[in-house]
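Engineer: got a sequence here, can you build the structure:
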Amino acid sequence: MPAGSPHPIERSFVQRVAIVYGLGVLFMLALAALWFGADVLLLIFACILFALLLHELSRRLAARLHCRRGIALAIVVVVLLAVIGGGGVLTAPQIGEQAAKLGTVVPETIEQLRAAVQKNALLRSLATDLPSSEQIRKQLLSLVPNAGLFFSGILGALGNVIIIAFVGLYFAAQPKVYLDGFIALIPQARRPRARAVLDEIGHTLAQWLVGKSVSMVVVGCATAIGLSLLGVPLALILGVIAGLLDFIPYVGPLMAGVPAVLIAFSINPTLGVSTIALFAAIQLLEGYLVSPLIEAKTVSLPPALTVVMQLLFGALFGLAGVALATPLTAVLVILLIMLYVQDVLGDDVKQPSQTDS
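Structural biologist: So this is what the prediction gives:
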């Protein structure tokens, strides 16, 4: 060993210390990027979710029509544009009118309930907990600006939708390019396992998205039709809200049911009770028929875990965090199963795709 050169043991110790400090710095930088760039990361995740939905629909259509996936993707995009565009043209005036009325009807209903409660001594204390009509109006107007993601405001929400649509379409058109580019950043010895993990995440989320889309349509249509038959005003916009919020398990249906029940009770108590029964029946149908079919093909998350993660992501990232909490939790569960339980602990635990019925 040349004179003055460090001892091999000393050199090894210095290298280990440098690696540990380097990993620590990288970890802190990753946390900083996650904290300050959370809105951008959520927007990218939403783009990936939309791309997975398009990819899964085009894959199924290609298998059924025996055509190339690119042709099937084009058909899926055209059909979606026709359905959304045609439905928007037909229902936009009515939805716009009902949405405007909803912003005034709900605060007025709260004031009516406050006045009714004041007549009952036992319920009078509840009136102090009810928000004022002005507070509710501000909350309704601030719902979209506080949605999170990247842009804010109503025009910003439209910008988010456009970005998700176009970026998701680009991802879905050439998924292999982006997947291979990401895999190239991983050491060669771990690339097969990394690809297996990403394939599992993509398969699980794609199956979940297709099932959840069906569930949202069923819940939205059933709610609109049921409220119309009961004679509840603003049935169409309330059905649209119920369908969209069904994307958020457990919390979403409660948020969707509150305005409908308030409006129904403002007309008469019998209608209010009937509206509660309608929402309960729809959620029983969704909870005991649709959701089990979805979970049988994806990952079954415990209800308490889902609600806790919604609270956590909601506190960190706002409404967008609540909306994306379930798919984010599904990703974390898959990573935990495959990279820790299987690879580190060595337990023979099945992953979601291996439990398909």
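
Engineer: alpha carbons of the strand or helix carrying Gly243, as PDB, please.
Structural biologist: In this structure, Gly243 is located in helix 235-245 according to DSSP states H and E. Backbone C-alpha positions of helix 235-245 (Å, rounded to 0.1, in the frame of the first residue of the first chain) are rendered in PDB as follows:
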ATOM      1  CA  ALA A 235     -83.000  16.700  -9.800                       C
ATOM      2  CA  LEU A 236     -80.600  16.800 -12.800                       C
ATOM      3  CA  ILE A 237     -77.900  18.900 -11.200                       C
ATOM      4  CA  LEU A 238     -78.200  16.900  -7.900                       C
ATOM      5  CA  GLY A 239     -77.800  13.700  -9.900                       C
ATOM      6  CA  VAL A 240     -74.700  15.100 -11.700                       C
ATOM      7  CA  ILE A 241     -73.200  16.000  -8.300                       C
ATOM      8  CA  ALA A 242     -74.000  12.600  -6.900                       C
ATOM      9  CA  GLY A 243     -72.400  10.800  -9.800                       C
ATOM     10  CA  LEU A 244     -69.200  12.900  -9.700                       C
ATOM     11  CA  LEU A 245     -68.900  12.700  -5.900                       C
END
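
Engineer: and the next helix or strand past it?
Structural biologist: Following helix 235-245 toward the C-terminus (DSSP H and E): helix 251-267.

Engineer: give the buried residues for that following helix.
Structural biologist: Within helix 251-267, the residues that qualify as buried are 251-253, 256-257, 259-266, counting by 16 or more other Cβ atoms under 10 Å. C-beta here means a position set from N, CA and C on the backbone, and glycine is covered the same way.

Engineer: what angle sits between the helix holding Gly243 and helix 251-267?
Structural biologist: Direction vectors for helix 235-245 and helix 251-267, defined by axes from the mean of the first three to the mean of the last three Cα atoms, to 10 degrees, enclose an angle of 160 degrees.

Engineer: tell me which other helices or strands helix 235-245 touches.
Structural biologist: Applying 3 or more Cβ pairs under 8 Å, 6 or more residues apart in numbering; DSSP states H and E, one finds that helix 235-245 contacts helix 69-118, helix 191-230, helix 251-267.

Engineer: what's the closest of those to Ala173?
Structural biologist: The closest approach between Ala173 and any of the helices and strands packed on helix 235-245, judged by Cβ to Cβ, belongs to helix 69-118 at 6.5 Å.

Engineer: helices of the stretch 251-357 of the chain, start to end?
Structural biologist: Using DSSP state H, counting those that start in this stretch, the helices found in the stretch 251-357 of the chain span residues 251-267, 269-285, 291-297, 303-317, 319-323, 325-335.

Engineer: alpha carbons of the fifth one, as CSV, please.
Structural biologist: Once side chains and other backbone atoms are set aside, the C-alpha atoms of helix 319-323 remain, and they are given as CSV (Å, rounded to 0.1, in the frame of the first residue of the first chain):
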residue,chain,number,x,y,z
LEU,A,319,-60.2,18.7,-2.1
ALA,A,320,-58.0,17.2,-4.8
GLY,A,321,-56.3,15.1,-2.1
VAL,A,322,-59.6,13.8,-0.9
ALA,A,323,-60.7,12.9,-4.5
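
Engineer: for it, packing partners?
Structural biologist: Where contact means 3+ Cβ pairs under 8 Å, 6+ apart, helix 319-323 is packed against helix 38-65, helix 303-317.

Engineer: redo those helices as TSV? Include mean pLDDT.
Structural biologist: Supplementary listing: these in TSV, determined by pLDDT from 0 to 100:
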stretch	mean pLDDT
helix 38-65	88
helix 303-317	84
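
Engineer: Ala189: which of the ones you listed is closest?
Structural biologist: Smallest distance to Ala189 across these (Cβ to Cβ): 26.0 Å, for helix 38-65.

Engineer: just want the angle from the closest one to helix 191-230.
Structural biologist: Using the same axes, to 10 degrees: helix 38-65 against helix 191-230 is 90 degrees.

Engineer: run the angle between helix 38-65 and helix 303-317 for me.
Structural biologist: Using the same axes, to 10 degrees: helix 38-65 against helix 303-317 is 130 degrees.

Engineer: check which helices and strands helix 38-65 sits against.
Structural biologist: In this structure, helix 38-65 packs against helix 69-118, helix 153-173, helix 191-230, helix 303-317, helix 319-323, helix 325-335, with contacts taken as 3+ Cβ pairs under 8 Å, 6+ apart.

Engineer: for the stretch 151-300 of the chain, which spans come out with low pLDDT?
Structural biologist: 151-157, 296-297 (pLDDT under 70).

Engineer: thinking again about what came up before, hey, which of the helices and strands packed on helix 38-65 is tucked in deepest?
Structural biologist: The highest average neighbour count among the helices and strands packed on helix 38-65, using mean count of other Cβ atoms under 10 Å, belongs to helix 319-323 at a mean of 22.

Engineer: ok, now which ones touch the closest residue to Met338 other than its chain neighbours?
Structural biologist: Leaving aside its chain neighbours, Met338 sits nearest to Val197 (5.2 Å; criterion: Cβ to Cβ, 6 or more residues apart in numbering). Shown here is Val197, whose contacts under the criterion Cβ atoms under 8 Å, 6 or more residues apart in numbering are 334-335, 338-339.

Engineer: any idea how far the closest residue to Ser266 other than its chain neighbours is from Ile241?
Structural biologist: Taking Cβ to Cβ, 6+ apart, and ignoring the residues beside it in sequence, Ser266 has Thr109 as its nearest neighbour in space, at 4.2 Å. For Thr109, the distance to Ile241 (Cβ to Cβ, to the nearest Å) stands at 15 Å.
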